[in-house]
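[1] Provided below for reference: sequence and predicted model.
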Amino acid sequence: MSILEMKVPSPGESITEVEIATWLVKDGDYVEKDQPIAEVDSDKATLELPAEESGVITLKAEEGDVVQVGQVVCLIDRDAAKPEGAAAPAAEAPKKEEAPKAAEPVKAEAPKPAVQAAAQTYATGAPSPAAKKILDEKGVDAGQVSGSGRDGRITKTDAELAAVPAMGGSSLSATGSRASTTTKLSVLRRKIASRLVAVKNETAMLTTFNEVDMSEIFRLRKLYKEEFAQKHGVGIGFMSFFTKAVTRALKMYPDVNASIDGDFKINYDFCDISIAVSGPKGLMVPVLRNAENMSFKGVEANIKDLATKVRDGKISVDEMTGGTFTITNGGTFGSMLSTPIINPPQSAILGMHNIIQRPVAVDGQVVIRPMMYVAMSYDHRIIDGKESVGFLVAVKEGIDNPVEILMGGDERRGLEL
């Protein structure tokens, strides 16, 4: 018999363990080579585990198990014959004549009057003095407690075990569902929680705010949207304008494009921009490498590709590793203003928000413009207030006047049209 031991491959550097999130096959199924058999969660991403060979699979780990990289999680019998007419064996349904008959429902006899009376006494039995004191202190109505003493009397133990009514209500008013569900957080969610707490505790995080006028970007998108899509095969969105504005500002304020390593500061000559994308497993931050060299078309195409991978669960750890600055857009969910949290070991993050038509003063006149609040959170240990405010003003300049600032004065050439 030729048995293959399938071990957990290394998802990426520094990852030593993963969690079996979901088995996509059942024990005893026939699997094809390269068929996804499981989803595993690391502290950075959710990845698919493909079958290394074809054969009948035997599972050696349960869903929710945390396993080490290199640990055997299943066996594949390569000598097992493939079932005819199916890629994987399905459990045969029992034949009709062999199907067990449903048990006849047993009719419960109506309780006799004496039993009914006893039950009523049990439900409404009086509390003992000690039990009454405890119930009064807890604010629990005695009529809601079942007594275990003689004739339904409520004992001291019954009172101690009685549930305290929810705050804002009484034991007599709880008529809706009181159910709750407990689920284990995934490795990814636990890692995110740990990192966020660490950022709050280990950085001197401050946030500065400004607002941008989206009028020119609206005009450019309306004017060139169809032509851009026809030529480049991708739409022109807001994120490319913000990415171009950010990379320009990072060159002007290099300390924003830096990180701390112990007693040292590391400045980066490149702009690897992390773009926050909401996926089925939570917020992911795939990275645009050397975004400073990308055109509008390049930014949009790369963002589309990475976002699709995140939503399909195909994103790799390498595609989310690194990054020197993050852009997150809470406006897609309707957020008007927020204080985004730094994505370590980076030192700053830009938060975009929703766009609202608001009255603003322009050249002494009140006009209606599409306005957006922007927020930049930064690590005050290496970024001073002057740099943070200057950086955000530089971003604002690029968004308010994209043709002159981001496109060199020629909008068609800037969009490669």
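    Received, thanks. Numbering: from 1, shown residues only.

[2] drop to CA atoms for contacts and neighbour counts, all remaining ones
    Fine.

[3] which of the residues in the host helix or strand of residue 201 are classified as buried?
    Per DSSP states H and E: residue 201 is located in helix 187-202. By neighbour count on 16 or more other CA atoms under 10 Å, the buried set for helix 187-202 is 187-189, 192, 195-196, 199.

[4] how many residues are close by residue 340?
    By other CA atoms under 10 Å, 23 other residues sit near residue 340.

[5] now it: which helix or strand?
    Counting by DSSP H and E, residue 340 is found in no helix or strand.

[6] and for residue 304?
    Assessed by DSSP H and E, residue 304 sits inside helix 296-312.

[7] right, and the helix or strand after that helix?
    strand 325-329.

[8] tell me which other helices or strands that following strand touches.
    With contacts taken as 3 or more CA pairs under 8 Å, 6 or more residues apart in numbering; DSSP states H and E, strand 325-329 sits against strand 273-275, strand 348-352.

[9] now do that strand and strand 348-352, the angle between them.
    Strand 325-329 runs at 20 degrees relative to strand 348-352, counting by axes from the mean of the first three to the mean of the last three CA atoms, to 10 degrees.

[10] quick check: mean pLDDT across strand 325-329?
    The average pLDDT within strand 325-329 is 95.

[11] likewise stretch 348-365?
    Mean predicted confidence for stretch 348-365 is 95.

[12] export it as CSV, just CAs?
    Extracted in CSV, the C-alpha atoms of stretch 348-365 (Å, rounded to 0.1, in the frame of the first residue of the first chain):
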residue,chain,number,x,y,z
ALA,A,348,1.6,56.3,9.4
ILE,A,349,-1.8,55.5,7.8
LEU,A,350,-4.2,57.6,5.7
GLY,A,351,-7.9,57.2,6.3
MET,A,352,-10.4,58.1,3.6
HIS,A,353,-14.1,58.7,4.3
ASN,A,354,-17.4,59.2,2.6
ILE,A,355,-18.0,62.0,0.2
ILE,A,356,-20.7,64.5,1.1
GLN,A,357,-22.1,67.4,-0.9
ARG,A,358,-21.5,70.3,1.5
PRO,A,359,-21.6,74.1,1.3
VAL,A,360,-18.0,75.6,1.3
ALA,A,361,-16.6,79.1,0.8
VAL,A,362,-14.8,79.5,-2.6
ASP,A,363,-13.5,83.0,-3.5
GLY,A,364,-15.9,84.6,-1.1
GLN,A,365,-18.9,82.7,-2.4
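
[13] list the buried residues of that stretch.
    348-355.

[14] before we move on, what about stretch 320-329?
    Buried, per 16+ other CA under 10 Å, within stretch 320-329: 320, 322-329.

[15] farthest-apart pair in those, please.
    Taking CA to CA as the measure, the buried residues of stretch 320-329 span a maximum distance of 19.4 Å, between 322 and 329.

[16] how about the contacts made by the residue most central in space within the chain?
    By CA atoms, centre = their mean, the mean C-alpha position of the chain lies nearest to residue 282, the distance being 1.2 Å. For residue 282, the contact set (CA atoms under 8 Å, 6 or more residues apart in numbering) comprises residue 189.

[17] same check, this time on residue 371
    Residue 371 makes contact with 211-215, 355-358 under the criterion CA under 8 Å, 6+ apart.

[18] next, count neighbours for the closest residue in space to it that isn't next to it in sequence.
    Spatially, and ignoring its direct neighbours in sequence, residue 371 is nearest to residue 213 (4.8 Å; CA to CA, 6 or more residues apart in numbering). Neighbour count of residue 213, defined by other CA under 10 Å: 21.

[19] now do the phi/psi pair for residue 213.
    Per-residue torsions, residue 213: phi -100, psi 120 (degrees, to the nearest 10).

[20] hang on, it packs against residue 399?
    Yes. Using CA atoms under 8 Å, residue 213 is in contact with residue 399, at 7.0 Å.

[21] next SSE downstream of the helix or strand of the chain with the lowest mean pLDDT?
    Sorting the helices and strands of the chain by mean pLDDT, DSSP states H and E puts helix 113-123 at the bottom, at a mean of 40. For helix 113-123, the following helix or strand on the C-terminal side (DSSP H and E) is helix 129-138.

[22] so what does that next one touch, helix or strand wise?
    helix 156-161.
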